[in-house]
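Asker: Generate coordinates for the sequence data below:
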Amino acid sequence: MIRSDRGGELLERFKNGDSDALRELIELYGASLTLFIQRYVNNMSIAEELTADTFCEIAVNPSKYRREASLKTYLFTVAKNKAADYLKKQRKYKYVPIEDVAYELCETRQLEEWVVKDEQQRELMTVLNELTEDYRSVLYLLYFEELSYEQIGRILKKNVKQIKNLAYRARLALKGELERRGFVYEEL
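Answerer: Below is the predicted model of the structure:
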């Protein structure tokens, strides 16, 4: 099944001088990228900044994208790298003002209420957030972003076999934790 790369088409329009194409790219991928980055940095404001940095990078250097993968895969890879760079820099510092924590909790709660509509989904998200970073990432990209194993492999810098194995183990871990909590689920 060949999918059209709407993002790649928009980037080409942007390269050819259509400034509306960048706005359309942000509308197309902005929210997904922000949610993805937020899972790494656990801070919605920082996730939004890193999302903006991701789009700035593609706006300033659109020729870095070489169409070896879909633009969506490329953007998620850039976003993951930006989140990783941010986390490396932040490991030195642990101080967070209480006002920021309260604000972020409020923002995160609002976002979760928007994304997670009923109790079962909230429980699933809670369990998902307790999984390891690799498990969380592969399940998020596979089920929420609907990326292929190949695309996920490029983002996480692993081969397809590693991604399939990781996805299998992640599903087993998720299933086990849901069963432990007495959760009734459909087959994953």
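
Asker: Which segments of the chain make up each domain?
Answerer: Following automatic domain parsing, one finds the domains of the chain at 1-97, 117-178.

Asker: Those into TSV, with extra columns for mean neighbour count?
Answerer: Backbone N, C-alpha and C define where each C-beta goes, glycine included. Formatted as TSV, the domains of the chain follow (neighbours: other CB atoms under 10 Å):
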stretch	mean neighbour count
domain 1-97	16
domain 117-178	16
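
Asker: In TSV, list these along with mean pLDDT.
Answerer: Formatted as TSV, those follow (pLDDT from 0 to 100):
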stretch	mean pLDDT
domain 1-97	83
domain 117-178	85
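
Asker: The host helix or strand of Ile46 packs against which elements?
Answerer: Element membership for Ile46, per DSSP states H and E: helix 44-60. On a contact count with 3 or more CB pairs under 8 Å, 6 or more residues apart in numbering; DSSP states H and E, helix 44-60 meets helix 19-41, helix 71-90, helix 98-115.

Asker: Now render those as TSV, adding distance to Ser148.
Answerer: Below are the helices and strands packed on helix 44-60 laid out as TSV (distance: least, CB to CB, whole Å):
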stretch	distance to Ser148
helix 19-41	15
helix 71-90	9
helix 98-115	23
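
Asker: Nearest to Phe144, out of the ones you listed?
Answerer: Nearest to Phe144, of all the helices and strands packed on helix 44-60, is helix 19-41, at 7.7 Å by CB to CB.

Asker: quick one: contacts of the closest one?
Answerer: Outside of helix 19-41, the residues within contact range by CB atoms under 8 Å, 6 or more residues apart in numbering are 6-7, 10-14, 44, 46-48, 50-51, 54-55, 58-59, 71-72, 75-76, 79-80, 82-84, 86-87, 108, 111, 115, 129, 133, 136-137, 140-141, 144-145.
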